[in-house]
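Colleague: Provided below for reference: sequence and predicted model.
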Amino acid sequence: YFDISLYDEENYSKIYLGKNYSFKASYAGVNISVPTTLNELNKKGFDIYDDNYSSGSDIKAGLMLELKFVNREGKLLTAFFHNESTTSVRIADCKIVRLAVEQNNMLTNSKEYGNFSVNGVTNSSALTDIFHLLGAPSHFHADSKTDYTLNWFKSADDRRNKITIKISTAEDCVTYIAVSSYE
């Protein structure tokens, strides 16, 4: 049994992934990595799911755009495009810096979400598995009395989330998982 509520959630720990941070991730049977591009995601079988956007749509300067993607089996994946330039950029020319699986299909019985694996953390991982595989998080916060968001950062200087996992202590499982990499 692991009681995360015993930790001081207001403070950041001094635990970081380090400069040699890397991850191995897969979703719905394909390897995924970030940063990536729309073209690479398309090659892996994922297409934009939102009718309001296409590869020719623009992302304004300095903004992040969150888009849903779907593969041929109907599995959803969320991609975050980040435009760090000073001008608008077409989605097709912008980097994807974060990929997220918004639900654990084992918990919701949703056919829209598939099996994931991030450095060994999978759909069936319990809380103790997460800490055994990834170590203690750099930071976490309570979303409710039983739901927490855990973040692993690269360093004290780079606190942009590299791995984010949302957990339910009531269900003892992962409810959301995301990997990020910014250049």
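Modeller: Right, received. Where do you want to start?
Colleague: In this structure, where's the longest helix?
Modeller: For the chain, the helix that runs over the most residues, judged by DSSP state H, is helix 127-134.
Colleague: What are the buried residues along the following helix or strand past that helix?
Modeller: Downstream of helix 127-134, the first helix or strand assigned by DSSP states H and E is strand 139-142. For strand 139-142, the buried set under the neighbour-count rule, 16 or more other Cβ atoms under 10 Å, comprises 139-140. (Each C-beta comes from the backbone N, C-alpha and C, glycine too.)
Colleague: who does strand 139-142 pair up with?
Modeller: strand 147-153 (antiparallel) (DSSP bridges).
Colleague: could you give the mean pLDDT of the partner strand?
Modeller: Here strand 147-153 scores 90 as its mean pLDDT.
Colleague: So what touches the helix or strand following that strand?
Modeller: Sequence-wise, the next helix or strand downstream of strand 147-153 (DSSP H and E) is strand 161-168. Applying Cβ atoms under 8 Å, 6 or more residues apart in numbering, the external contacts of strand 161-168 come out as 4, 17, 21, 23, 98, 100, 107, 118-119, 121, 127, 130, 134, 137, 143, 146-154, 173-181.
Colleague: Tell me the gap between strand 161-168 and the middle of its chain.
Modeller: Relative to the centre of its chain, strand 161-168 is centred 7 Å away, using Cα atoms, centre = their mean, to the nearest Å.
Colleague: repeat for stretch 40-49
Modeller: Per Cα atoms, centre = their mean, the displacement of stretch 40-49 from the mean C-alpha position of its chain is 17 Å.
Colleague: buried sites along that stretch?
Modeller: 41, 44, 46, 48-49.
Colleague: Nearest to residue 158, out of those: which one, please.
Modeller: Nearest to residue 158 out of those is residue 41 (Cβ to Cβ; 24.2 Å).
Colleague: contacting residues for that closest one?
Modeller: Contacts of residue 41 (Cβ under 8 Å, 6+ apart): 69, 79, 96.
Colleague: Quick check on these: which are buried?
Modeller: 69, 79, 96.
Colleague: nearest to residue 30, of those residues?
Modeller: Using Cβ to Cβ, residue 69 comes nearest to residue 30 of the buried ones among the contacts of residue 41, at 11.7 Å.
Colleague: what helix or strand is the closest one on?
Modeller: Going by DSSP H and E, residue 69 is part of strand 64-70.
Colleague: what pairs with residue 168 across the strands?
Modeller: residue 147, residue 173.
Colleague: In a markdown table, list the contacts of residue 41 along with pLDDT and distance to residue 27.
Modeller: What follows is the contacts of residue 41, written out as a markdown table (pLDDT from 0 to 100; distance: Cβ to Cβ, whole Å):
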| residue | pLDDT | distance to residue 27 |
| --- | --- | --- |
| 69 | 96 | 10 |
| 79 | 96 | 11 |
| 96 | 95 | 13 |
